[in-house]
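>>> Take a look and give me a structure for this.
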Amino acid sequence: MSSATPAQHGMWLTEHLGLAGTAYHMPLPVWLDGPLDRARLADACAAVVARHEVLRTAFAEVDGELRTVPADPVPALRLGEAPADLAAYLRERTLAPFSLAGGPLIRFELVPAGPGRHLLLIVAHHLVFDGESKEILLADLAALYSGRELPPLGTPEQRVLPVDAAAAHWSAAYAPAGEPNLPGLLGRTGPAAATGVAVPVELDGDRVRATARELGATAFEVVLAGLLTLLERYGDAAPVIGVDLGTRAASEHDRIGLYVNELPVAVPTAASGGDVTARARVAAVRHRLRQTYAVRTVPLSRAVSGLSPRAALTPVSISYRRRARPEPVFAGLAARVEWTGYHHAARNALHVQVLDDPAAATLPVLLHVDPARLSPAGAARLGGHLRALLNGFASEPDRAVSGHELLGADEQQLIAAWNDTAKVYGGPRTLHGLVDAAIAAHPDAVAVVAADSAMTYAQLDAEADAVARALAGRGVGAGDLVAVCLPRTSRLLPALLGVLRTGAAYLPLDPEHPPARRAGLLADARPAALLVPDADGATGPADGADGPGRHAAGLAYTIYTSGSTGRPKGVLIEHHAVVNLLHALREVLPTGPGDAWLAVASAAFDMSVPELWLPLVTGGTVVLATQEQARDGELLLKLLRTGGVTHAHLTPSTWRRLLDAGFAEPGVTAVSGAEALPEPVAAALRERAGRLVNLYGPTETTVWSTWADLTAGGPVTIGRPLANTTVHVLDAALRAVPPGVLGELCLGGSGVARGYLNRPELTAERFMDTAWGRLYRTGDRVRQTADGALEFHGRVDDQVKLRGYRVEPGEVEAHLRTAGAVVDAAVALSPSGEELVAYVVGAPDPAELRERLAAALPAHLVPSSFTLVEQLPRNANGKLDRAALAALTGTPLTPPERPRAYTGLALQVYEIWQEVLGHGEIGPDDDLFDLGGHSLTVTKIAARMRRRLGVDLPLHVFFDTPTINGVVAAAGR
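Model (predicted):
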């Protein structure tokens, strides 16, 4: 007995843990035509086994060490009957298990395969076999069958593994591989192999070899450079590929056994080292391989601590075999060998198996994939992209790798077909023109229902005219901007419509926002007029507006969104864009007279645009929720039912509140948007609503750009483009990526905004003139499915979505850093995704910090908690490492604890606050919002008090007096 090699030990451990499946089974089918001598073949098999000791070997643990032991029985040729189904026989015998402890670890089986034909199926376990062993075995077997004498075997090399050198090498070169962005790939790569399929692809072998000669490299180095580049083009910023490297010494090239070691290879990418040419990429790969060859005999687990056993080292791997021997010649027989017989296992997301026969014009490749994660069609497309990239390397080796075309003509045509959304709509070309047409058609129908009153279309018309006359009297006209700061009453819509009738555009301001925030927006926009309610609730212009002069005609509204520098940005939306949106939505959300739309969004939030205007241009009714109803699920559900709502257009966060309150309305069309729709919410809405539609779009492309009908089930996607909208998934170099590949979503068409108000530099950065027309860069990561639907996969930047609002953490961080005691700050979403959390360096007072933020920012931008940390995590470039924020530990900034004593109602309220907030101790005068509360927390507390205690308090109580004492006092009144 002798010790197993480190490579054998690693493979045995993976098999022993049940992770390998059949990935280590190596089938070698040999088709023999002619008068076969079975006895002579049996003798040849026995002689080969006698010649190579490793074929008579099994493996057993002895005193905690893996040792080789004699196999029992010794491998021998097994003769069988002709199978009814040869393909099924091949699969069955390939998958048949091996006994690692008893052996044998190689099988020889011979069966008839037709008149004058036999199949010799050899299946070996990788523990005693590798790719080169196939050629050695068949050369020896053919010689012995043919009576040719074999020379003595070379002397095996006595090795001392360079472990210290390997540890030093990998300390600088090792980087764990991330999950690849393969087209259409599902799920994550686990440690175990799965049942797989092999997808054949052919590369141009002559061209690859010619490229290698031109670039002073090997064909393998060219293919590896192409594969690394392909992963990079798929969006992997730091691709790592596991490479099978041969470890045979010169004297061992006639020996069968396991002489291969899988090691990771990565090279500087365009993202880290500037764009590179194909020539430079191949040179970098060649250099890295040369460095790795020096330590290739040392398994990675011996040089890098903490690696867990896996079926494959990395999610993407490659094995390359160059045929070094001629086809085996069996005397009197014609032999055909399937050198790339498949073991029917997928060790990882993608394994690329290449067999290079220098005499062949083609370079055959097998792509091993798990069809449950990557479809064979998707794998074939991947192979086509690799072929296109290598052809580009061949024709233009000095071109940047980002410039080579990946998409084939068929993919380009497919994407063009998905974007064929052109449609011509007749009728009025302005938003108020559409409303005026509905007024003329339905003067007596109810246009608006609000808490204060209802209003017919005729009344809406009259009040809007009054607003328009008042504005015109002040000189407001076409091209002006008018700010509107009104509560959610029946006066809101006439004010907006009145502004539009003057030819001006409206700028909605939320009266719930802090005065400093509103003042900042007014200072930035400098509107020609400001509409506010007077003492009697009527709408009229306020003094103090300072118009900057008129804008280009055609503007409908300007809405501000969060800005990364701390300065919000005003988005300029034109009439033609809104008109197109309403026509397009009417096609996918049929609506008309008799329908009622629930309007929940603040007018300062762009979701308000379709829910206010779509019902009005189609003869329907707007059911306007108050701020309190919008925050409370039970009150909102009551309004939905009493208002006869047929369409509810809400964020997933609001839908959660409605579902929790008992929403089950088969007559309602549920429309969701503004943030990712969680699958559980989608599933609940499918069951409880009549129809479910998911919408997607940024403010800069007029609210909604894509739609998906999710009523029938299936995965939650953001769907396909609305009419006159185009979607383009682009890489970092702004080239179209293939379907199934992650990229940044850029939107074109009628909905694209004019730009940002008074921000020409930011407009130029986010809005691009391209070959596809003017596009807006959303910053959202998406990929297109096989049918063209878009899947949302997060952001390419730091922006997050919070309760439907776009939030730039940088805006909140900029305000935090203005506090004198704050040295540095970072903001992130909480694990629940329902609130912001702040990490602060310095020694600020939490109450003062919250008060400062609350005076300058909307409530949703004020973090629910503050954690004091010594320093913020930063990467090698000194930039904030946002991914590492969640792992930070620090000191929560909360008010000091004090003795507590609760009785009666106060005790019951205290217990509810504990449950919802998750705090162990809460003082009677502790501020709810200092304890991490926010608007969703308030609704939960109010609902539990209502159900459990029978205490029904208006939500404003919790904002006006956010303490236990304050709430108890309000309940007593």
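>>> so what's the residue nearest to the spatial centre of the chain up against?
Within the chain, one residue has its C-alpha closest to the average C-alpha position: by CA atoms, centre = their mean, that is His793, at 2.5 Å. Listed by CB atoms under 8 Å, 6 or more residues apart in numbering, the contact set of His793 reads 742, 781-783. C-betas here are computed from N, CA, C, even on glycine.
>>> Nearest to Phe220 among these?
When those are compared for distance to Phe220 (CB to CB), Leu742 comes out closest, at 28.0 Å.
>>> So what does that closest one look like in phi/psi?
Backbone torsions of Leu742, given as degrees, to the nearest 10, read phi -70, psi 140.
>>> what is the mean pLDDT for the helix or strand containing the residue nearest to the centre of the chain?
Applying DSSP states H and E as the criterion places His793 in strand 790-795. Strand 790-795 shows an average pLDDT of 86 in the prediction.
>>> got the CA positions of that strand in PDB?
What follows is strand 790-795 as a C-alpha-only set of coordinates in PDB (Å, rounded to 0.1, in the frame of the first residue of the first chain):
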ATOM      1  CA  LEU A 790     -37.100  41.800 -18.900                       C
ATOM      2  CA  GLU A 791     -36.000  40.400 -15.600                       C
ATOM      3  CA  PHE A 792     -34.900  43.000 -13.000                       C
ATOM      4  CA  HIS A 793     -31.600  42.200 -11.200                       C
ATOM      5  CA  GLY A 794     -30.800  45.300  -9.100                       C
ATOM      6  CA  ARG A 795     -28.700  48.400  -9.800                       C
END
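>>> for that strand, the distance to its chain's centre please.
For strand 790-795, the distance between its averaged C-alpha position and the chain's averaged C-alpha position is 5 Å (CA atoms, centre = their mean, to the nearest Å).
>>> do stretch 417-431 as well
The answer for stretch 417-431 is 31 Å, by CA atoms, centre = their mean.
>>> Break the protein into its domains for me.
The record's domain split for the chain, according to automatic domain parsing, is 6-145, 179-193+204-326+354-362+373-403, 431-788, 807-892, 904-972.
>>> First residue to last residue on the longest one, what's the distance there?
So that's domain 431-788. With CA to CA, to the nearest Å as the measure, the first residue of domain 431-788 is 31 Å from its last.
>>> correct me, but Gly341 touches Leu119?
No - the criterion here is CB atoms under 8 Å, and Gly341 misses it with Leu119 at 11.4 Å.
>>> so what sits against both of these two?
With CB under 8 Å, 6+ apart applied, the overlap between the contact sets of Gly341 and Leu119 consists of 29, 90.
>>> that older thread, may I see the buried residues of the strand holding His793?
Of the residues in strand 790-795, 790-793 count as buried by neighbour count, 16 or more other CB atoms under 10 Å.
>>> pLDDT averaged over the strand or helix carrying Trp31, what's the number?
Taking DSSP H and E as the criterion, Trp31 maps to strand 25-33. Rounded to a whole number, the mean pLDDT of strand 25-33 is 97.
>>> wait, which of the buried residues of strand 790-795 is closest to Thr57?
The shortest separation between Thr57 and any of the buried residues of strand 790-795 is 47.9 Å, and it belongs to His793 (by CB to CB).
>>> What strands flank the longest strand belonging to the chain, and is each parallel or antiparallel?
In terms of residue count, the longest strand belonging to the chain (DSSP state E) is strand 773-784. Listed by DSSP bridges, the sheet partners of strand 773-784 and their directions read strand 743-749 (antiparallel), strand 767-770 (antiparallel), strand 790-795 (antiparallel).
>>> how about those in CSV, adding distance to Asp952?
Listed next are the strands paired with strand 773-784 as CSV, based on distance: least, CB to CB, whole Å:
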stretch, distance to Asp952
strand 743-749, 44
strand 767-770, 49
strand 790-795, 38
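>>> closest to Ser171 out of these?
With distances scored as CB to CB, the stretch of the strands paired with strand 773-784 nearest to Ser171 is strand 790-795 (31.9 Å).
>>> Isn't Leu313 up against Ile241?
No - the criterion here is CB under 8 Å, and Leu313 misses it with Ile241 at 9.4 Å.
>>> which neighbours do these two share?
Jointly contacting Leu313 and Ile241 under the rule CB under 8 Å, 6+ apart are 177, 264.
>>> ok, back up a step: so which of the domains of the chain is nearest Pro156?
Taking those one by one with CB to CB, domain 179-193+204-326+354-362+373-403 is closest: 5.9 Å.
>>> tell me the mean pLDDT for the closest one?
Confidence over domain 179-193+204-326+354-362+373-403 (mean pLDDT, whole number) is 90.
>>> Run through the residues that contact the residue lying farthest from the centre of the chain.
Among the residues of the chain, the one whose C-alpha is farthest from the average of all C-alpha positions is Gly147, by CA atoms, centre = their mean at 61.3 Å. With contacts taken as CB under 8 Å, 6+ apart, Gly147 has the following neighbours: Ala331.
>>> would you say it is within a strand?
No - secondary structure of Gly147 (DSSP: H, G, I helix; E, B strand; the rest coil): coil, not part of a strand.
>>> give me phi/psi at it?
Here Gly147 shows phi and psi, under degrees, to the nearest 10, equal to phi 80, psi 10.
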